[in-house]
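Asks: show me the folded form of this:
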Amino acid sequence: MTRGLAGVGFALLGLLPLGVGILLLTGAWRQSRGILRLGLGVFTGIAGAIAVLPPLLYAGLSPSIPVVLVLGGSMLVLGLLIDSRRKPRRAGPEHRSVRLELLPAFVIAIPLCLLAVVGVQKPVNRYDAFANWALKAKLLFYDGTFTGALDDRLFASGSVAPPVHREYPIGLPAVEAYVLHGIGGENLRVAHLLFVVFFGGLALFVWAFLRPWVSAWPLAAGLSFLLWMPRARSQGLSDYADVPLACFFAVAALLIGLWLAGEGDDRLALGSVFAAASLATKREAIAFCAVLFVLAVVALLVRGERNRLRPLLLAGLAVAASTVPWRVFVAANGLEEGDVDLSLARVRAQADELPFVLGQFGHLFFESGYLGAVPLAALAALLLLARGRDRQLAVGVLALGMGLIAALAFVYVTGDASVHYLVRASAHRTLMTPTLLAAVLLPLLVTRGLGPGGSREGT
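Replies: Numbering: from 1, shown residues only. The predicted structure follows:
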């Protein structure tokens, strides 16, 4: 066990050069300092690896430690070169370096440590886990140090026991395989502690980028609300990819929202990296990212800021392009076998199921395990509107929330299987993305709605 934990730590540190390189390249490196900067670097490295490793696999490389270190080193050198040529700018309150104080450190560490203690004893025993990402991770782990990552055992239709849902994105299995290399063996119980790290990374990003807007105590309370949420904690150890997707997308939405609020292109660039990571994690991210970028375009058009459309459209195209290698690989190898697929004829035939789908969503949102995060965020946004404050923030949160729910409902009515079966079997997992996003935004919404108004908090 000690060796396994040390291996996970070693693997995470191995992702630090990649993460720091991305932070330098996007211009977000100066947002934090101290231990917070280290945490942001690791989580950004995870997101970057999930987004970048799959194309390397198609090129024949293996998700091993040497490959990741070379990738990270290259990104670090590139980031240092770009950052050294970046003109210094006058930093407003939102760009002051944020540090992690003792209070938020305890708020983040205690629930995560307890969750890790439970997780390290929990076997990977969910069918979609051990037959999908875990099996793919093991096959990738055994396929060499530098080359030979994708072979017939993993994707050939004639394989004796291929992984289920071979058409799913392979970013998460690739990073899990890399962690197994760090452990030095097939210890999936320890490797899936990476799922706990996702929560920690999300919490650190929330602190780093919302702290200029929200004072310490409300933000610490919001992090506690997020990290102790019963459904989030149970899903974090369920071996499914919904929690990683939710964490990546929540960071992407937060950063792109801050860019819309005028905080600088570094937010948009870094948010795009996390959006690409969500696309490399789970297919629902296609609908979620489409909603996010479409609403961002609409926001700029409504505000008359057409001069900002170009960087947003370029970012959206870059995020969309990140999925092309996987789609080409899927098509070339005949891996299309999903239970959900876009079909307008199927949508028309099953449109009458929408009330059932939305009704189930509403029931789950008010379930105690979610702590009412989505209804509370909606109520706080409505309070902002009623008080005539931060209307763009309130409308944006409501529009994004409703857009994500509508997109997810649309995905369900495209299903080949029974809509009732799909919703009852998986809605409690797929709703994790709008739920975590609501929990992330709740401290901002509440403080803006109940506070005396005014500008950003100081750091």
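
Asks: next helix or strand past the helix or strand of the chain with the lowest mean pLDDT?
Replies: Ranked by mean pLDDT, DSSP states H and E, the weakest helix or strand in the chain is helix 152-155, scoring a mean of 58. Next helix or strand after helix 152-155 toward the C-terminus (DSSP states H and E): helix 171-183.

Asks: name the residues that touch that following helix?
Replies: Contact partners of helix 171-183, identified using CB atoms under 8 Å, 6 or more residues apart in numbering, comprise 3-4, 7-8, 10-12, 14, 46, 49-51, 53-54, 57, 63-65, 68, 132-134, 136-138, 140-141, 186-188, 190-192, 194, 241, 244, 277, 280-281. From N, CA and C alone the C-beta is placed, and that goes for glycine too.

Asks: apart from its neighbours in sequence, what residue is nearest residue 409?
Replies: In this structure, residue 409 finds its nearest non-sequential neighbour in residue 357, 4.7 Å apart by CB to CB, 6 or more residues apart in numbering.

Asks: wait, that neighbour sits on residue 407?
Replies: No - contact criterion CB atoms under 8 Å: residue 357 and residue 407 do not qualify, at 11.7 Å.

Asks: looking at the two, which has the bigger crowd around it?
Replies: Set residue 357 next to residue 407 and count neighbours by other CB atoms under 10 Å: residue 357 wins out with 22 against 19.

Asks: what residues are up against the more buried one?
Replies: 409, 412-413, 419, 423, 427.

Asks: give me the distance from the helix or strand harbouring it to the chain's centre.
Replies: Using DSSP H and E, residue 357 sits in helix 354-365. Relative to the centre of its chain, helix 354-365 is centred 24 Å away, using CA atoms, centre = their mean, to the nearest Å.

Asks: stretch 28-48 too?
Replies: 15 Å.

Asks: which parts of it are buried?
Replies: For stretch 28-48, burial by neighbour count (16 or more other CB atoms under 10 Å) applies to 28-32, 36-48.

Asks: pull out the buried residues from the contacts of helix 171-183.
Replies: Buried members of those, counted by 16+ other CB under 10 Å: 4, 7-8, 11-12, 14, 46, 49-51, 53-54, 57, 63-65, 68, 132-134, 136-138, 140-141, 187-188, 190-192, 194, 241, 244, 277, 280-281.

Asks: mind giving me the domain split of this structure?
Replies: Under the assignment automatic domain parsing, the domains of the chain span 2-81+104-326, 339-451.

Asks: deepest of those domains, which one?
Replies: Highest mean neighbour count among the domains of the chain (mean count of other CB atoms under 10 Å): domain 2-81+104-326, with a mean of 20.

Asks: tell me the mean pLDDT for stretch 258-277?
Replies: The average of the pLDDT scores along stretch 258-277 is 95.

Asks: can I get the CA coordinates of that stretch in PDB?
Replies: These are the backbone C-alpha positions of stretch 258-277, laid out as PDB (Å, rounded to 0.1, in the frame of the first residue of the first chain):
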ATOM      1  CA  LEU A 258     -14.500  35.100 -15.800                       C
ATOM      2  CA  TRP A 259     -13.100  35.900 -19.300                       C
ATOM      3  CA  LEU A 260     -16.600  37.200 -20.300                       C
ATOM      4  CA  ALA A 261     -16.500  39.400 -17.200                       C
ATOM      5  CA  GLY A 262     -13.300  41.000 -18.600                       C
ATOM      6  CA  GLU A 263     -10.600  39.200 -16.600                       C
ATOM      7  CA  GLY A 264      -8.200  38.600 -19.600                       C
ATOM      8  CA  ASP A 265      -7.400  36.100 -22.300                       C
ATOM      9  CA  ASP A 266      -5.500  33.800 -19.900                       C
ATOM     10  CA  ARG A 267      -8.900  32.700 -18.500                       C
ATOM     11  CA  LEU A 268     -10.200  31.900 -22.000                       C
ATOM     12  CA  ALA A 269      -7.100  30.000 -22.900                       C
ATOM     13  CA  LEU A 270      -6.900  27.900 -19.700                       C
ATOM     14  CA  GLY A 271     -10.600  27.300 -19.800                       C
ATOM     15  CA  SER A 272     -10.300  25.900 -23.300                       C
ATOM     16  CA  VAL A 273      -7.700  23.400 -22.000                       C
ATOM     17  CA  PHE A 274     -10.200  22.100 -19.400                       C
ATOM     18  CA  ALA A 275     -13.000  22.100 -22.000                       C
ATOM     19  CA  ALA A 276     -10.800  19.900 -24.200                       C
ATOM     20  CA  ALA A 277     -10.100  17.600 -21.200                       C
END
